[in-house]
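[1] Have a look; sequence and predicted model below, questions after that.
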Amino acid sequence: MSQGPGNTRRTGGSRGAGGSGGAGPSRDTGRSRGAGSSRGSGPSGGPGRSGGSGRSGGTGESGGYRDNRGRQRNRQAMGERRYSSSVPSQRTRRTDPARLAAFRTLRAVAEDDAYGNLVLPDQLRRLQLNRRDAGLATELAYGALRHQGTWDAVLTHCVDRPLAKIDPPVLDALRLGVHQLLAMRIPDHAAIDQTVGLTRAEIGAGPSGLVNAVLRKVMAHDLTEWLEVLTRNTDDVTRLALEGAHPTWIVRALRQALTVHGRNPAEITRLLEADNAAPQVHLVALPGLGELTSALDDGATPSTLVADAATSAGGDLRRVQEVRDGTVRVQDAGSQLVAHSVLQSAPVADGEKWLDLCAGPGGKATLLAALAAQHGAHVTANEVASHRADLVRQALAVVDPQAWTVRCADGRRITAADAGQSSGEAGFDRILVDAPCTGLGALRRRPEARWRRTPQDLADLTVLQGELLDAAVGALKPGGLLVYATCSPHAAETMVAVDDVLKAHPELNLVDTGAAVRAAALPGALDGDADPAQIHVGSRARTGEPATSENPATTGHTATTAQLWPHIHGTDAMFIAHFRKNK
Ligand SMILES: C[S@@+](CC[C@H](N)C(=O)[O-])C[C@H]1O[C@@H](n2cnc3c(N)ncnc32)[C@H](O)[C@@H]1O
């Protein structure tokens, strides 16, 4: 996920290398217990107002009923009352390790501002969870974090005070309980019993009564019924936000982004669903260094989007020798396309100087450096945060050291002189600005990110993006190529940024980015509905650049940008714009 310099207090974070959100077999089922679930008789008036006949509880037991306040009666007939009928000494006191790992992850996210996808793997190791429990913990932690807004809306109906007044650990336990009740195929009694047990063991006996009482109100309805209650009399965006578990401002921004990038805004539902699914883990074999053979033997499948890439079969990738060596790396296919596209739009000449202005943690820089080594070019990988610059160095260690340099400095201060001695005019031949951004296109990877981001972040980041672009234009050689990329499709970070930089720099022209990205992909992979190109209305058309056979991306004079999407391409929503600086 993207970070600004002031945003580094979270526990590091690697987006490219190993930064995948899929630590285990998550099955984020979202609305999976909707119409097809074993529950309830249909929509009810709301929590505590159920006029229906209740539900059988998902365990297959029958019997029992709910009174007109939604409380379950005659529970012993159902054989369900395991937690409250027993004497205190017999109540669940042990916390099962999967729930404990999930709870600790939610606590670290809330208390320490940590990244869930970095905390959870650590917890899985510490608690020595087997594969099955690791899968359960992953689904619990990531699911509860992703759905936090929706689960909090449910809880608001079930507690008699503002959620802000609930002790934060108790609120986290409740969120885990709601996720089990509404989005997982866990029997209600187990969900409640285990959550109450967790509360008792980790927080104390006092709040366990509250957790028990609140979760029993939650279980009065299934997810479909709850969504009906929550979305009654709301507008379209609020409904999408609650059903798709995103904040309303992000739903609005993503829907607008679909329109701005030439897609149908009705795709928003699929886009939100894609954000709620664990991303596939993509692998890249570094050109000239890595081979995918062992990964493919291990069950990975070749990528249909980009060369020298594969989709992992899952599990611990360290069992693949090349992954351990660092010559085969985990990297989203969208990020791979960004890096490969840097070599398009103009043929690469021997001795070119490339700059990756925002390189940490080094995913694209490493692929670029491997490509540079093959083409006789050199990459300067710049990163402002020293710990992230260290990550870049570690990532680049497998590539010929002649092909790269790491520079730790504020990218806004870069100049053409930083390209070092060169025969012609000073400056870099190609610059990638993979800018710090809101990361709204990579929400799949950081389950809590959508609730942390605010519109204020956007305001700060767009200023930084503009300043980095200005510096990059200054450091670019006349005739050089500037590639701007974000892992956000937000209009302000993409099309508005393009407009602004074109306005501020008359020497810059937007070129046919769509053609460059298509040329970087496998033949036909980005045709038809998958074409990421969007004509940029109002761009100065490029003239006087005849097409060449080595340079298919210059065959037209249409200025385009490119936008990838999780629900279309299976990648992060990377935005790419290629600019040429006048000679
Ligand atoms: C989107 S990430 C880059 C991801 C990277 N290109 C990759 O593929 O692994 C943006 C990076 O920009 C860095 N950054 C933020 N402000 C910067 C600045 N003023 N100068 C240089 N880098 C900056 C952040 O620390 C972060 O590492």
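    Now that the structure is in, tell me what you want to look at.

[2] mind listing what's buried in stretch 527-538?
    Within stretch 527-538, the residues that count as buried by 16 or more other C-beta atoms under 10 Å are 532-534, 536. Every C-beta, even on glycine, is put in place using the N, C-alpha and C of the backbone.

[3] Show the residue spans covered by the helices in the stretch 151-300 of the chain.
    Along the stretch 151-300 of the chain, the stretches classed as helices by DSSP state H, counting those that start in this stretch are 168-183, 188-202, 205-218, 223-231, 236-244, 248-260, 268-275, 293-297.

[4] Quickly name whichever of the buried residues of stretch 527-538 is closest to the ligand.
    Pro532 (18.2 Å; C-beta to the nearest ligand atom).

[5] and the closest one, what is it in contact with?
    Applying C-beta atoms under 8 Å, 6 or more residues apart in numbering, we find Pro532 in contact with 514, 517, 526, 562-565, 569, 576.

[6] Please repeat the previous calculation with a cut-off of 10 Å.
    Remark: with contacts taken as C-beta atoms under 10 Å, 6 or more residues apart in numbering, Pro532 is in contact with 261-263, 334, 337, 513-514, 517-518, 521, 526, 560-565, 568-569, 571, 573-576.

[7] Buried ones among the residues you listed?
    Neighbour-count burial within the contacts of Pro532 applies to 261, 263, 334, 337, 513-514, 517-518, 521, 526, 560-565, 568-569, 571, 573-576; the criterion is 16+ other C-beta under 10 Å.

[8] shaky segments in this structure?
    For the chain, the stretches flagged by pLDDT under 70 are 1-94, 421-423, 539-557.

[9] thinking again about what came up before, determine which of the helices of the stretch 151-300 of the chain approaches Arg430 most closely.
    helix 248-260 (26.5 Å; C-beta to C-beta).

[10] any chance you could map the helices in the stretch 401-550 of the chain?
    Taking DSSP H, counting those that start in this stretch as the criterion, the stretch 401-550 of the chain carries its helices at 449-452, 455-475, 495-504, 513-520.

[11] ok, Ala205 - how many residues close by?
    Counted with other C-beta atoms under 10 Å, the neighbours of Ala205 add up to 12.

[12] so where do the strands sit in the stretch 401-550 of the chain?
    Counting by DSSP state E, counting those that start in this stretch, the stretch 401-550 of the chain has these strands, from start to end: 404-408, 428-434, 476-486, 508-510, 533-535.

[13] just the ones you listed: most buried one?
    Mean neighbour count (mean count of other C-beta atoms under 10 Å) peaks for strand 428-434 among these, with a mean of 27.

[14] What pairs with that strand, parallel or antiparallel?
    Note on strand 428-434: by DSSP bridges, its sheet partners are strand 353-356 (parallel), strand 476-486 (parallel).

[15] Backbone dihedrals for the residue of the stretch 101-250 of the chain found nearest the ligand, please?
    Closest residue of the stretch 101-250 of the chain to the ligand, C-beta to the nearest ligand atom: Tyr115 (13.8 Å). Listed backbone geometry of Tyr115 is phi -90, psi 120, with angles given as degrees, to the nearest 10.

[16] That one touches Glu448, doesn't it?
    Yes. The pair Tyr115 and Glu448 passes the contact test of C-beta atoms under 10 Å, sitting 7.5 Å apart.

[17] intersection of neighbour lists for these two?
    Taking C-beta under 10 Å, 6+ apart as the contact definition, Tyr115 and Glu448 share the neighbouring residues 105, 109.

[18] Count the neighbours of the closest residue to the ligand within the stretch 151-300 of the chain for me.
    Distance from the ligand to each residue of the stretch 151-300 of the chain (C-beta to the nearest ligand atom) is smallest for Val284, at 11.3 Å. Other residues within reach of Val284 by the criterion other C-beta under 10 Å amount to 29.

[19] One more: Ile166?
    Neighbour count for Ile166, taken as other C-beta under 10 Å: 18.

[20] which residue sits closest to it, ignoring its sequence neighbours?
    Nearest non-adjacent residue to Ile166, counting by C-beta to C-beta, 6 or more residues apart in numbering: Val159, 6.7 Å away.

[21] Please report how far the one you found lies from Ala191.
    As judged by C-beta to C-beta, to the nearest Å, Val159 and Ala191 stand 17 Å apart.

[22] Equivalent analysis for Leu289, please.
    Leu289 is 48 Å from Ala191, by C-beta to C-beta.

[23] From Phe103, how far out is the closest residue to Leu198 other than its chain neighbours?
    Distances taken as C-beta to C-beta, 6+ apart place Thr95 nearest to Leu198, at 4.7 Å, with adjacent residues excluded. Distance of Thr95 to Phe103, computed by C-beta to C-beta: 8 Å.

[24] for Ser312, same thing?
    Here the criterion is C-beta to C-beta. By it, Ser312 lies 28 Å from Phe103.

[25] Compare neighbour counts for the two and give me the winner.
    Set Ser312 next to Phe103 and count neighbours by other C-beta under 10 Å: Phe103 wins out with 27 against 21.

[26] I figured the more buried one hits Ile203, correct?
    Yes. The pair Phe103 and Ile203 qualifies as a contact (C-beta under 10 Å) at a distance of 9.2 Å.

[27] what do these two both touch?
    Where contact means C-beta under 10 Å, 6+ apart, the residues bridging Phe103 and Ile203 through contact with each are 169, 172-173.

[28] Only the buried members of these: can you turn that into a PyMOL selection?
    Of these, the buried ones go into a single PyMOL selection, burial set by 16+ other C-beta under 10 Å:
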select buried, resi 169+172+173
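
[29] Please produce CSV containing the shared contacts of Phe103 and Ile203, extended by distance to the ligand.
    Below are these laid out as CSV (distance: C-beta to the nearest ligand atom, whole Å):
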residue, distance to the ligand
Pro169, 31
Asp172, 29
Ala173, 34
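
[30] returning to that earlier point: in strands, which of the contacts of Pro532 appear?
    When DSSP state E defines the strands, the subset of the contacts of Pro532 inside them is 560-563, 575-576.

[31] now those in CSV, with distance to Gly376?
    Compiled in CSV, the ones in strands among the contacts of Pro532 are given as follows (distance: C-beta to C-beta, whole Å):
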residue, distance to Gly376
Thr560, 29
Thr561, 30
Ala562, 27
Gln563, 32
Phe575, 30
Ile576, 24
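
[32] now, which of these sits nearest Ala385?
    Closest to Ala385 out of these is Phe575 (22.6 Å), distances taken as C-beta to C-beta.

[33] Once you drop chain neighbours, what's closest to the closest one?
    Once flanking residues are discounted, Phe575 sits nearest to Thr494: 4.3 Å by C-beta to C-beta, 6+ apart.

[34] With Ala525 instead?
    For Ala525, the closest residue by C-beta to C-beta, 6+ apart turns out to be Leu305, at 4.9 Å.

[35] And for Pro97, the neighbour number?
    For Pro97, the neighbour count with other C-beta under 10 Å is 19.

[36] how close does it sit to Ala110?
    According to C-beta to C-beta, Pro97 and Ala110 sit 20 Å apart.

[37] One more: Leu181?
    Here Leu181 is placed at a distance of 20 Å from Ala110 (C-beta to C-beta).
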